[in-house]
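S.K.: heads up, no residue letters with this:
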C-alpha cells in the first residue's frame, strides 16, 4: 500500500478521503455467545491512485492494563465509492468469511474545503462462508468521522441470534 501523500487522489475518492491514513485505538465487544471484552485495533485505508481504498485491520485482545494478550480479528478488503454517494466494500477474513457491503456516505461538515465530519452506513449484501466457519448471516457497519477521530460500530446476526451490537471502537489517526 502506497503512502497516500505521494499519490494523486482520484476524484471519486473525495467523499471518503477522510478515511485515508492509519488509525489506532481501543474498542469493546460482546455478543450473547461471547463475554464482554476490550480490544486494541490498528486500521489503515490507503490509495494507489485508482478509484478505491485498500483496507486492512488487525485487532488484539487487551488485558485489564491495556496490554496485548493475543490476536483477534483480521480483515482486509477494498472500499469503492459509487455514484450518488453510495459505497461498496468487499472484505475477506481468515476465519472463512467473505462479505460484500453496500451503503451510503454522508458528509456532515466541511471547513476550508476539508471534510470535518462524515459517516458511512453499510449493510451486508452478501455473506459467504466456508464449511468450517461459524454461522454468520448479516451485518451492519457504521463509520463516523467525529472530532478528528474514526468511530465505528459493527452489529451482526450470527449463530441463531438476530442483528445486534457486537463491536465498537474509537480510533485516532497516527
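M.R.: Looks like it came in fine. Everything numeric here is computed off the predicted structure, so don't read it as measured data.

S.K.: helix, strand or coil for residue 13?
M.R.: helix (DSSP: H, G, I helix; E, B strand; the rest coil).

S.K.: can you get me a residue count around residue 94?
M.R.: 9 (other CB atoms under 10 Å). To be clear about C-beta, it is placed using only N, CA and C from the backbone, and glycine gets the same treatment.

S.K.: surely it meets residue 72?
M.R.: No. Assessed by CB atoms under 8 Å, residue 94 is found out of contact with residue 72, at 11.3 Å.

S.K.: so where's this protein shaky on pLDDT?
M.R.: 1-5 (pLDDT under 70).

S.K.: so residue 16, which state does it fall into?
M.R.: The assignment at residue 16 comes out as helix when based on three-state DSSP.

S.K.: hang on, isn't it packed against residue 80?
M.R.: No. Checked against CB under 8 Å, the pair residue 16 and residue 80 is beyond contact range at 9.2 Å.

S.K.: more neighbours: which of the two?
M.R.: When residue 16 and residue 80 are compared for neighbours, residue 16 comes out ahead with 24 against 17, by other CB under 10 Å.

S.K.: how close does that one get to residue 148?
M.R.: Distance from residue 16 to residue 148, counting by CB to CB, to the nearest Å: 16 Å.

S.K.: same check on residue 13?
M.R.: As judged by CB to CB, residue 13 and residue 148 stand 19 Å apart.

S.K.: got it, and residue 44?
M.R.: Separation of residue 44 from residue 148 (CB to CB) stands at 17 Å.

S.K.: now residue 132
M.R.: For residue 132 relative to residue 148 (CB to CB), the value is 41 Å.
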